[in-house]
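K.L.:
predicted structure and sequence below. I'll ask about it afterward.
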Amino acid sequence: MASLSDLKRMSAQREFLEIWLLFSLVFLGNDIFIGYTEGADLTIYIKWGLIGVFLILWFFKVILKTAVGDALACVAVMSLLTPLFIIIFLIFLKLSEALMGPLLKAMFGGKDSYPFLPVVSIATIITLIVGLRASDWIERFL
């Protein structure tokens, strides 16, 4: 839905931004609670460390040059993933940006911008497919 809004208006509605922020904070709170009650393992620290590094790199426009809502959409996706799949997601995000960016810019964008949420959606779908295939592969060998 947010991707369609982004294509139509070149901006996701503010409600999406608020939901992504709240969603990410809930998962951060959940991971903190689990870490506090059950003892945090290294995975939680690495996961949120990667998300923190992503946000710093985004802020300084090293990894992406997108709007706040686009970055929060990425954080919402990453809050659901393990560290390995966060890295896989970021790889697919950059590949999707490279492949889809010029097309989105030509069809829906302006001089220097284009709707980015379709890129996030495609990278998320690909990451989930890879995750499902990886779990099938792992189950066969266990």
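P.N.:
Sure, I can see it.
K.L.:
distance of residue 88 from residue 64?
P.N.:
Separation of residue 88 from residue 64 (Cβ to Cβ, to the nearest Å) stands at 16 Å. No exception for glycine: its C-beta is placed from N, CA and C like everyone else's.
K.L.:
let me redo that: residue 107
P.N.:
Counting by Cβ to Cβ, the separation of residue 107 from residue 64 is 20 Å.
K.L.:
residue 102 now?
P.N.:
With the distance defined as Cβ to Cβ, residue 102 ends up 16 Å from residue 64.
K.L.:
next SSE after the least confident helix or strand in the chain by mean pLDDT?
P.N.:
In the chain, the helix or strand scored least confidently by mean pLDDT, DSSP states H and E is helix 2-9, which has a mean of 51. If you walk from helix 2-9 toward the C-terminus, the next helix or strand you reach (DSSP states H and E) is helix 14-34.
K.L.:
hmm, who's touching that next one?
P.N.:
Outside helix 14-34, the residues that touch it by Cβ atoms under 8 Å, 6 or more residues apart in numbering are 1-2, 5, 40, 44, 47-48, 68-69, 72-73, 75-76, 79-80.
K.L.:
one more pass at 7 Å, please.
P.N.:
Helix 14-34 is contacted by residues 2, 44, 48, 68, 69, 72, 73, 75, 76, 79, 80 when judged by Cβ atoms under 7 Å, 6 or more residues apart in numbering.
K.L.:
export the residues you listed to JSON lines and tack on neighbour count, distance to residue 59 and secondary structure?
P.N.:
Compiled in JSON lines, these are given as follows (neighbours: other Cβ atoms under 10 Å; distance: Cβ to Cβ, whole Å; DSSP: H, G, I helix; E, B strand; the rest coil):
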{"residue": "2", "neighbour count": "21", "distance to residue 59": "21", "secondary structure": "helix"}
{"residue": "44", "neighbour count": "18", "distance to residue 59": "23", "secondary structure": "helix"}
{"residue": "48", "neighbour count": "20", "distance to residue 59": "16", "secondary structure": "helix"}
{"residue": "68", "neighbour count": "12", "distance to residue 59": "10", "secondary structure": "helix"}
{"residue": "69", "neighbour count": "22", "distance to residue 59": "14", "secondary structure": "helix"}
{"residue": "72", "neighbour count": "23", "distance to residue 59": "12", "secondary structure": "helix"}
{"residue": "73", "neighbour count": "28", "distance to residue 59": "16", "secondary structure": "helix"}
{"residue": "75", "neighbour count": "21", "distance to residue 59": "12", "secondary structure": "helix"}
{"residue": "76", "neighbour count": "21", "distance to residue 59": "17", "secondary structure": "helix"}
{"residue": "79", "neighbour count": "20", "distance to residue 59": "18", "secondary structure": "coil"}
{"residue": "80", "neighbour count": "16", "distance to residue 59": "22", "secondary structure": "coil"}
